[in-house]
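Participant: I need the structure of the sequence given here:
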Amino acid sequence: MLSRVRSILVKGPAHLVNLAAYYVGQFARQVSGVWRPAVVDEAAFLAALAPMQERHAVAEHFRVRDRPRFFFQAGACDDLIKRIEPAARRETIAAAETICRREFHFRGEPPVIFSNAVDWFRQPGTNLDWTWELNRQAYFVTLGRAYAYTRDRRFLETFRVLLLDWLAHNPPGVNAPNWRHVLEVAYRANVWIWAYAHFQADLDEEALIGVVRGLWLMGRYLAANLEYTSPNNHLLLEAKALAMIGLLFPEFRAAGRWRRLGERVLWAEVRRQVRADGGHVEQAGLYHQIITSELLEYLTLLALNEQPAPEEVRQRFARMLEFEHGLRKPNGEMPLYGDSALGDSYVRFNALAGGAVLLKRPDLACAPIDEATLWLTAGKVAPLAAAPQASRAFPDSGYFVMRAGAAYLLFDCGPFGYPLAPGHGHADALSFELDFGGRTLLVDPGVYSYHLGARWRNYFRGTAAHNTIRVDGQDQSLLDGTMRVVRPARTTLHAWVSTDAYDLVDGAHDGYTRLARPVVHRRQILFVKPDYWIVFDQLLGQGRHEIELFFHFPPEVVVTPHANGQLVSRSGEIGLWIAPLYRYRSAPPRWSIICGQEAPVQGWVSRYSGQKCAAPVARYTLSADLPLCLVTLLWPGAGDEVAPFEIETLEVHDDAGQALAEPAVSALRLITADRTDLIVLDRRKTPGPKYFSGQMSAGRFFWARGAQGDWRIRVWDGTSEGVDP
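Facilitator: Predicted coordinates for the structure are as follows:
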């Protein structure tokens, strides 16, 4: 209880005011009974239309109207359908067939088949996500598309039966299970809008009145219950759904007010929640995609109806797409940083593909364009730009992408999450994902589930689930419950330099300064393009500490140990050598491979919500006195049995002939069959002259490639870009 109070107080007075207003409003609604079914019956709905009409006339109006414009007009989309791949159509029809059999597949749970009526409150085990998915009803759109492809009335009838049954068993109310969570109502509103557009011309009077009345109920509910106390994706998405209803159903007397309220909150939250570099403040790739997907839908809808959107919002949306484009891996996936999965029902469209059409930005286009986005763009596709991806920095969000050819690494030097609502952040400062040849070789763990137990929830958001360092068995950030954090680690970017020959990123965090003997973790990653990365982990502090360094692999990877702590992982024909090169004053690091361990939890990856797979993780452990520097070479390529390199430390001296050593200076020689690389990294506050292997440098970073007497040399002095000396 004390931790809950503490986590509320640290958000400041504005949050306390919002929270008080929320609870007062909830109490008032329960007392007044505003959401009792008696006041929202069909007569009340008809009275809420302008002008009020009798039932049959209302149904006929909504059956034939074609304004405001939607993304397509039912019965007039043959050309659009031709642009959708036959395989995608067959997949949708097959999915619709399962819904006709009342068979539901959600969130990693075994299929649930209802032999009679659907139980709208069914919850397998403790998986509340499953219940939400059932009542989000994304399958209504699946039925609508299948009906458009086939004109098979079984899909129409299944929609009709499920719709009316849901309305009968789920009258709105403050404590009604399927109205209690405002974000779920917003999602359902989006789905019902699309279902109405697919089926409007062919529904009977009862079902047509039912779907439009349901949207009116959702509009009323959202207008009264926007979650100002959750000023994150919840508030933004709820406001967007409210604005959609207001724009598309002007027949509702309150439509204008709903649209104005929805847009006012939506535009304000876009300005608040999108950083200058385009990243979403919650530090979770999945939620970034959800926001861009929903903004794409609403901005496209405004354009269709020749309605303006604020230019600043359009610009922020464009930057969000540039951010997403810059972070996407070579295989097209978004990395799983923060609370993320490779898919979610709320990521309804491919924002890059659709945004390239809306903004006329072929540089953002991606292939292939998916079925849902083709329906959104009326079959329009932006031509693909041929420009190759380059390394990118997104310093406001704290993400740095190193890439060249088939090689990709994403480094995280950002905040824990959004201070006002940090629940989707992970204790992953200075972690990274690594890809090569279109395969993920080192992975972020994903989210798994919010509702399948605190032990699992906090493993997936804890430090030990990420490719970073844990000190004394502690998380970097002090996690509180399953969605809160009391003492988040703060990151500092010391440097980012990107050249045609190499990238270098340098960051630190203070998460372990809360320990009795404080420790600062500083990590520098060097990418020598396009061949390899070297990770330098500097641990600054006093006394002896337990250090753990983690490398997490995807489930399909096979890891083989080699001499001197070296490991090679293989994913098909692609391999990754991990070669530690540690100078230690006590026992050398111990290493182990852990996979699918439950006590304590370790060695798991979750690619999709509700699903977890056992996956190998390499853990290096060391009990050592600080300060200390750990150096690790990451060499991607073919999964050779013999390392294709030799790596060794160099002796370095200053002008006076005094030896310079780690952690002040790191100096390495890396030898392959056809070249030698020299690498020197000077961490002293003021770098000075250094002599090593017949070379001299006074810069902060020195890199040379070649043979003795014939070197290609690059130097970085700490202030300018990398240059030739």
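Participant: Remind me which helix or strand the nearest residue to Thr513 once chain neighbours are set aside belongs to.
Facilitator: Excluding the flanking residues, the one nearest Thr513 by Cβ to Cβ, 6 or more residues apart in numbering is Val520, at 6.4 Å. C-beta here means a position set from N, CA and C on the backbone, and glycine is covered the same way. Using DSSP states H and E, Val520 sits within strand 519-528.
Participant: quick one on the thing from earlier: for the residue nearest to Thr513, name its beta-bridge partners.
Facilitator: Judged by DSSP bridges, the bridge partners of Val520 are Leu540.
Participant: For it, which residues are in contact?
Facilitator: By Cβ atoms under 8 Å, 6 or more residues apart in numbering, Val520 lies in contact with 508-510, 512-513, 539-541.
Participant: separation between it and Tyr448?
Facilitator: Val520 sits 30 Å away from Tyr448 when distances are taken as Cβ to Cβ, to the nearest Å.
Participant: Can you give me the buried ones in stretch 165-180?
Facilitator: 166-167, 170-174, 178-179 (16 or more other Cβ atoms under 10 Å).
Participant: re the thing from before, ranking by neighbours, what's the top pick from the contacts of Val520?
Facilitator: Within the contacts of Val520, His509 tops the neighbour count with 26 neighbours, counted by other Cβ atoms under 10 Å.
Participant: Just to check, that residue is in contact with Asp475?
Facilitator: No: counting by Cβ atoms under 8 Å, His509 stays clear of Asp475, with 11.7 Å between them.
Participant: where are the low-confidence patches of the stretch 551-700 of the chain?
Facilitator: Low-confidence segments of the stretch 551-700 of the chain, defined by pLDDT under 70: 583-587, 639.
Participant: Now do the SS call for the closest residue to Trp194 other than its chain neighbours.
Facilitator: Distances taken as Cβ to Cβ, 6+ apart place Val141 nearest to Trp194, at 4.8 Å, with adjacent residues excluded. Per DSSP: H, G, I helix; E, B strand; the rest coil, the secondary structure class of Val141 is helix.
Participant: separation between Val141 and Pro172?
Facilitator: 22 Å.
Participant: How about Leu261?
Facilitator: Between Leu261 and Pro172 the computed distance is 18 Å (Cβ to Cβ).
Participant: Arg67 too?
Facilitator: Distance of Arg67 to Pro172, computed by Cβ to Cβ: 28 Å.
Participant: doesn't Phe553 make contact with Arg570?
Facilitator: No: using Cβ under 8 Å, Arg570 is not in contact with Phe553; the gap is 9.8 Å.
Participant: Just want to know which of those two has more residues nearby.
Facilitator: Between Arg570 and Phe553, counted using other Cβ under 10 Å, Phe553 has the larger neighbour count: 27 against 19.
Participant: Quick check: bridge partners of the nearest residue to that one once chain neighbours are set aside?
Facilitator: The shortest distance from Phe553 to any non-neighbouring residue, by Cβ to Cβ, 6+ apart, is to Pro616 (4.8 Å). Listed by DSSP bridges, the beta-bridge partners for Pro616 are Cys595.
Participant: For Pro616, give me its contacts.
Facilitator: The contact partners of Pro616, taken as Cβ under 8 Å, 6+ apart, are 553, 557-559, 569, 593-595, 603.
Participant: Tell me which helix or strand comes right after the lowest-mean-pLDDT helix or strand in the chain.
Facilitator: Least confident element among the helices and strands of the chain, by mean pLDDT, DSSP states H and E: helix 13-32 (a mean of 51). Per DSSP H and E, the first helix or strand lying C-terminal to helix 13-32 is helix 42-47.
Participant: Name the residues of that following helix that are buried.
Facilitator: For helix 42-47, a neighbour-count test (16+ other Cβ under 10 Å) marks 45-46 as buried.
Participant: now swap in stretch 534-547 and tell me
Facilitator: Quick answer for stretch 534-547 (16+ other Cβ under 10 Å): 534-541, 545, 547.
Participant: What helix or strand is Leu164 located in?
Facilitator: Under the criterion of DSSP H and E, Leu164 resides in helix 153-169.
Participant: swap in Ala223?
Facilitator: Assigned by DSSP H and E, Ala223 falls within helix 205-225.
Participant: then that helix to CSV, C-alphas only?
Facilitator: Output in CSV follows, covering the C-alpha atoms of helix 205-225 (Å, rounded to 0.1, in the frame of the first residue of the first chain):
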residue,chain,number,x,y,z
GLU,A,205,-33.6,-3.6,-39.6
GLU,A,206,-32.9,-5.0,-36.1
ALA,A,207,-29.2,-5.6,-36.7
LEU,A,208,-28.7,-2.3,-38.5
ILE,A,209,-30.3,-0.3,-35.7
GLY,A,210,-28.3,-2.5,-33.2
VAL,A,211,-24.9,-1.6,-34.7
VAL,A,212,-25.6,2.1,-35.0
ARG,A,213,-27.1,2.2,-31.5
GLY,A,214,-24.1,0.4,-30.2
LEU,A,215,-21.8,3.1,-31.6
TRP,A,216,-24.0,5.8,-30.1
LEU,A,217,-23.6,4.0,-26.7
MET,A,218,-19.9,3.9,-27.1
GLY,A,219,-19.7,7.6,-28.0
ARG,A,220,-21.7,8.5,-24.9
TYR,A,221,-19.5,6.3,-22.8
LEU,A,222,-16.2,7.6,-24.2
ALA,A,223,-17.2,11.2,-23.9
ALA,A,224,-18.0,10.7,-20.2
ASN,A,225,-15.1,8.4,-19.3
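Participant: The helix or strand that it is followed by versus helix 205-225: what angle between them?
Facilitator: Downstream of helix 205-225, the first helix or strand assigned by DSSP H and E is helix 233-248. For helix 233-248 against helix 205-225, the angle by axes from the mean of the first three to the mean of the last three Cα atoms, to 10 degrees is 130 degrees.
Participant: Moving C-terminal from helix 233-248, which element do we reach first?
Facilitator: As assigned by DSSP H and E, the chain's next helix or strand after helix 233-248 is helix 255-273.
Participant: how much does that next one deviate in direction from helix 233-248?
Facilitator: Orientation check (the same axes, to 10 degrees): helix 255-273 against helix 233-248 gives 150 degrees.
Participant: Can you tell me what sits against helix 255-273?
Facilitator: Residues outside helix 255-273 that contact it (Cβ under 8 Å, 6+ apart): 219, 222-223, 226, 231-233, 235-236, 239-247, 249-250, 252, 280-282, 291, 295, 298, 310, 312-313, 316-317, 418.
Participant: Repeat the analysis, applying 7 Å as the threshold.
Facilitator: Outside of helix 255-273, the residues that reach it under the criterion Cβ atoms under 7 Å, 6 or more residues apart in numbering are 219, 223, 226, 235-236, 239-240, 242-243, 245-247, 249, 280-281, 310, 312-313, 316.
Participant: ok, now stretch 388-396?
Facilitator: Under Cβ under 7 Å, 6+ apart, the answer for stretch 388-396 is 275-277, 279, 323, 326, 400-403, 493, 496, 498, 503.
Participant: now these in TSV, with secondary structure?
Facilitator: What follows is the contacts of stretch 388-396, written out as TSV (three-state DSSP):
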residue	secondary structure
Arg275	coil
Ala276	coil
Asp277	coil
Gly279	coil
Phe323	helix
Gly326	helix
Phe400	strand
Val401	strand
Met402	strand
Arg403	strand
Leu493	strand
Trp496	strand
Ser498	strand
Asp503	strand
